[in-house]
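**Q** Fold the following.
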Amino acid sequence: VSNLFPMFEQTFKNIDDILRKEAGCATELDYAEQISWILFLKYLDDLEVDRQNRALLTGEDYDPLLDEPYRWSNWAYPKDARGELLKTAKVGEDLIEFVNSELFPYFQGFKEYAEPGTFGAKIGEIFAGVRNKFQSGYNLREVLESIDRLQFRTQQQKHELSDLYETRIKNMGNAGRNGGEYYTPRPLIRAMIQVIKPQLGETIYDGACGSAGFLCEAYEYLRHSKADLSTKELETLQTRTFFGKEKKALAYIIGVMNMILHGIEAPNIIQTNTLAEDIQAIQEKNRYDIVLANPPFGGSERKEIRGNFTINTGETAFLFLQHFIKSLKTGGRGAIVIKNTFLSNADNASRELRRELTSSCNLHTVLDCPAKTFLGAGVKTVVLFFTKGSPTQKIWFYQLEPGRSLGKTNALNDDDLQEFIEFQSTFKLSERSWFLDLEEVDPGSFDLSVKNPNAPEGDPLREPEEILAEIAELDRESGSILEAISDLLESSPS
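**A** Presented below is the predicted three-dimensional model:
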């Protein structure tokens with residue numbers, strides 16, 4: 001940790017204190033959104049200064065991206081020769097009025113006239129989805145002052161900031177029921193990447209990228225995959241390696257900002273509903289070498305969206321799984337987090353999807369995650385690891401047992417996953433790992449659920465959340481079975 005870290009950390013603490021006083025910001029999600037748009041504009045200013053300086057050195061002309069009144073040094077923190085805030089700087093109601101009536105419309109306008117795919121278009125997309133929630137121009141002025149002290153000039157500075165920003169995202173992940181949408185535990189992501197082993201030059205895709213945790217961790221893995229990367233390799237990493245899609249505006253800006261802080265100048269993330277794409281229309285040129293994702297569970301997509309898929313289901317995660325299989329090149333590798341009931345659900349769509357996955361891909365590994373791996377989510381999850389292009393013959397299962405109950409203060413860590421990574425490399429058999437031969441699976445139910453044949457007698461005690469989540473799932477299944485019986489009774493002659 002460099003000597004900058006404590007200073008940056010203090011700055012973030014100061015900002016948190018100011019946001020707590022701000023009437024317009026009520027939750028960790030609001031905090032992250034407001035910090036994100038302001039950080040982005042500060043980053044944009046530093047980027048412009050760097051590009052300008054580079055142009056001066058090479059004697060080239062530089063055409064600034066932003067018009068004068070909307071540059072950070074003009075509206076956010078105009079300074080005199082001694083670096084002090086100018087007395088003419090907007091504050092109070094004037095500042096809020098300027099931000100809402102001039103600044104945001106200006107940046108939103110980029111979406112209309114910037115060329116698609118350019119950095120300018122990215123600015124427009126970001127500002128189309130966020131809004132200023134500050135009501136007090138005095139609080140906003142204090143936050144601007146704090147963020148003005150942060151620098152994005154060096155890789156080290158970005159690294160320090162990315163650590164602090166990740167902490168904000170983690171706090172969002174703990175913010176009640178929906179937090180898990182924004183945060184997948186980083187140790188789990190890192191383990192998934194170490195099993196998939198991305199190579200420089202491969203393309204990596206996450207169609208439900210949220211805060212871009214998978215893409216950022218994959219970038220870190222590849223960035224340090226060898227001592228010195230060539231200029232060409234660095235450019236490939238920057239522009240042609242990572243691709244993401246995200247539906248929600250807040251997650252989108254957080255994902256873009258997170259990737260920027262990790263060192264990707266113009267992230268290839270687009271804001272769109274991934275599931276609106278007809279999977280039959282996905283062509284080889286639009287496919288990827290690797291898919292890493294934790295798609296949202298539950299949810300219920302509209303009928304016209306479900307029509308884009310060969311297997312019709314209301315479960316969002318199952319639609320995403322179909323999308324991911326279709327989005328992989330032949331020989332491509334996937335690692336997907338999904339709720340464990342996917343392996344055993346008795347409904348037609350789940351059974352059909354298990355057959356589709358195991359016939360079109362080699363589902364070689366299933367990692368069974370312990371309860372509370374995802375804070376705030378009651379469901380238990382598994383990670384599916386597969387290679388597209390050859391059918392599954394047998395599946396290696398590993399049951400992760402950290403030896404303690406997970407929680408906010410006792411989260412999953414990298415050490416917890418070391419044995420899994422080591423055993424997986426040789427598909428080692430142990431008390432916690434075993435093979436399931438597909439020939440032995442009941443062809444009717446096609447049940448692939450986690451049943452450890454080596455488990456000692458007597459089931460371990462289960463977490464209450466896990467039991468409740470299972471009851472809810474069973475209720476849902478019972479409801480659909482009763483509905484089907486009721487339909488049959490109505491249609492049969494009395």
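
**Q** What's the separation between Asn139 and Val130?
**A** For Asn139, the distance to Val130 equals 17 Å [CB to CB, to the nearest Å]. (Glycine included, C-beta is placed from N, CA and C.)

**Q** Please apply the same query to Gly213.
**A** 20 Å.

**Q** buried residues in the longest helix along the chain?
**A** In the chain, with assignment by DSSP state H, the single longest helix is helix 28-58. The neighbour-count criterion (16 or more other CB atoms under 10 Å) identifies 28-49 as the buried residues of helix 28-58.

**Q** just to revisit the earlier point, Gly213 and Val130: which has the busier surroundings?
**A** Gly213 (26 against 20; other CB atoms under 10 Å).

**Q** residues contacting that one?
**A** Ile169, Tyr183, Thr184, Arg186, Ile189, Asn258 (CB atoms under 8 Å, 6 or more residues apart in numbering).

**Q** give me that answer again for 6 Å
**A** Neighbour list for Gly213: Thr184, Ile189 [criterion: CB atoms under 6 Å, 6 or more residues apart in numbering].

**Q** the strands in the stretch 351-494 of the chain, which residues?
**A** 361-368, 381-388, 394-399, 433-437 (DSSP state E, counting those that start in this stretch).

**Q** elements contacting the shortest one?
**A** In other words, strand 433-437. strand 394-399 (3 or more CB pairs under 6 Å, 6 or more residues apart in numbering; DSSP states H and E).

**Q** Kindly report the same for the third one.
**A** With contacts defined as 3+ CB pairs under 6 Å, 6+ apart, the secondary structure elements packing on strand 394-399 are strand 361-368, strand 433-437.

**Q** at 7 Å instead, please
**A** On a contact count with 3 or more CB pairs under 7 Å, 6 or more residues apart in numbering; DSSP states H and E, strand 394-399 meets strand 361-368, helix 418-424, strand 433-437.

**Q** can you redo those as JSON lines with mean pLDDT, mean neighbour count and distance to Ser350?
**A** Below are those laid out as JSON lines (pLDDT from 0 to 100; neighbours: other CB atoms under 10 Å; distance: least, CB to CB, whole Å):
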{"stretch": "strand 361-368", "mean pLDDT": "97", "mean neighbour count": "22", "distance to Ser350": "14"}
{"stretch": "helix 418-424", "mean pLDDT": "96", "mean neighbour count": "16", "distance to Ser350": "25"}
{"stretch": "strand 433-437", "mean pLDDT": "95", "mean neighbour count": "16", "distance to Ser350": "17"}
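
**Q** Ok, which of those comes nearest Glu9?
**A** Among the helices and strands packed on strand 394-399, the nearest to Glu9 by CB to CB is helix 418-424 (28.7 Å).

**Q** Which other helices and strands does that closest one contact?
**A** Right, helix 418-424 is packed against helix 186-196, strand 394-399 by 3+ CB pairs under 7 Å, 6+ apart.

**Q** which residues are contacting the last one?
**A** Here strand 394-399 makes contact (CB atoms under 7 Å, 6 or more residues apart in numbering) with 363-368, 420, 423-424, 427, 432-438, 448, 450, 452.

**Q** can you count the residues close to the closest residue to Pro185 other than its chain neighbours?
**A** In space, and not counting its chain neighbours, Pro185 is closest to Leu412: 4.9 Å by CB to CB, 6 or more residues apart in numbering. Residues near Leu412, counting by other CB under 10 Å, number 21.
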